[in-house]
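**Q** Sequence first, predicted coordinates after that:
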Amino acid sequence: MSETHAGVGGGEPEPQFRYVEEFVRHQLSVSLGGSRGMLESALPFVAFTLAWVVSRTLAAPLPAPPLYLALGAAIVTAIVLALVRLLQHQSVRFVLQAVIPTAIAAVIAARTGRAADVFLPGILYNGVLALVSALSIVLRKPLVGFVLGAAVGDPTGWTSDRGLVRMTSKLTAVLAVPYVVRFVVQLPLFLTGQVVLLGVAKVVLGWPLLLAALFVIGLMLSRGKTPMEDSALGVPAPAPDPAG
């Protein structure tokens with residue numbers, strides 16, 4: 001077995017890992033919220049696009065303009081997702097990744113009156129992340145390294161380990177690909193006001209593209225078995241099982 005579990009401070013058991021690569025895979029999954037977290041971030045924009053398309057094609061009089069109906073659908077979806085998490089006594093951390101951008105997008109679109117503006121915060125967010133990711137690699141302070149460092153309580157200790165810097169640089173580059181693709185594809189659609197295509201691109205280039213990046217990362221990490229005790233991450237390897 002490459003994993004064991006041990007209680008920390010009498011609280012919830014936490015996994016411990018023998019190899020750096022296992023720890024990296026686990027921590028990236030936790031940071032991104034897994035498949036459910038990624039799905040929750042996409043659903044409000046799916047609801048917006050569907051409500052926009054339906055409300056614009058209905059011949060019957062509507063109680064509100066299509067833009068406001070679509071915004072309402074997105075906000076209600078985000079709130080429902082948060083309530084489900086709360087009822088299940090789970091953290092709403094990853095739902096907030098949908099609620100906050102949805103609220104910001106709703107305010108912007110409501111002020112401008114342009115449905116395409118709902119997607120503007122996400123486009124800018126991906127553009128900034130793509131730029132920051134590239135700069136962090138050039139400066140040899142890749143973003144993924146800070147995620148791992150924060151997980152072990154030492155955000156910068158890993159920077160002295162050349163092997164970890166090389167590894168996290170490669171992982172940061174792979175994770176930056178979705179940001180670049182989303183920005184390059186969605187910006188022209190935004191500039192031409194293609195609301196429906198923006199909605200489709202938001203979903204198609206959302207969690208499916210991220211899952212593809214994580215699959216590539218999994219393949220990259222499956223090749224190595226660096227003992228945790230040899231790593232600057234400072235996470236001790238689990239003690240041998242006396243019964244084993």
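**A** Okay, I see it. Please read all numbers here as calculations on a predicted model, not as lab measurements. Numbering: from 1, shown residues only.

**Q** ranges for the helices of the chain?
**A** Taking DSSP state H as the test, the helices found in the chain are 20-32, 34-57, 66-87, 93-112, 120-138, 143-151, 162-191, 195-204, 207-221.

**Q** ok, and the closest non-adjacent residue to Thr156?
**A** Once flanking residues are discounted, Thr156 sits nearest to Gly149: 6.1 Å by Cβ to Cβ, 6 or more residues apart in numbering. In this view, the C-beta of every residue, glycine as well, is placed from N, C-alpha and C.

**Q** so what's the one you found up against?
**A** 155-158, 233 (Cβ atoms under 8 Å, 6 or more residues apart in numbering).

**Q** From Ser136, how far off is it?
**A** To Ser136, Gly149 is 13 Å away according to Cβ to Cβ, to the nearest Å.

**Q** Kindly report the same for Phe17.
**A** 24 Å.

**Q** Val184 is in contact with Gly127, correct?
**A** No. If you go by Cβ atoms under 8 Å, Gly127 and Val184 don't touch, sitting 9.1 Å apart.

**Q** Between these two, which has more neighbouring residues?
**A** Gly127 (17 against 13; other Cβ atoms under 10 Å).

**Q** on that earlier part again, between the helices of the chain, which one is nearest to Pro227?
**A** helix 20-32 (7.6 Å; Cβ to Cβ).

**Q** Ramachandran angles for the residue lying closest to Arg114 once chain neighbours are set aside?
**A** Using Cβ to Cβ, 6+ apart and skipping residues adjacent in sequence, the residue nearest Arg114 is Gly193, 7.2 Å away. Phi and psi for Gly193, reported as degrees, to the nearest 10, are phi 70, psi 30.
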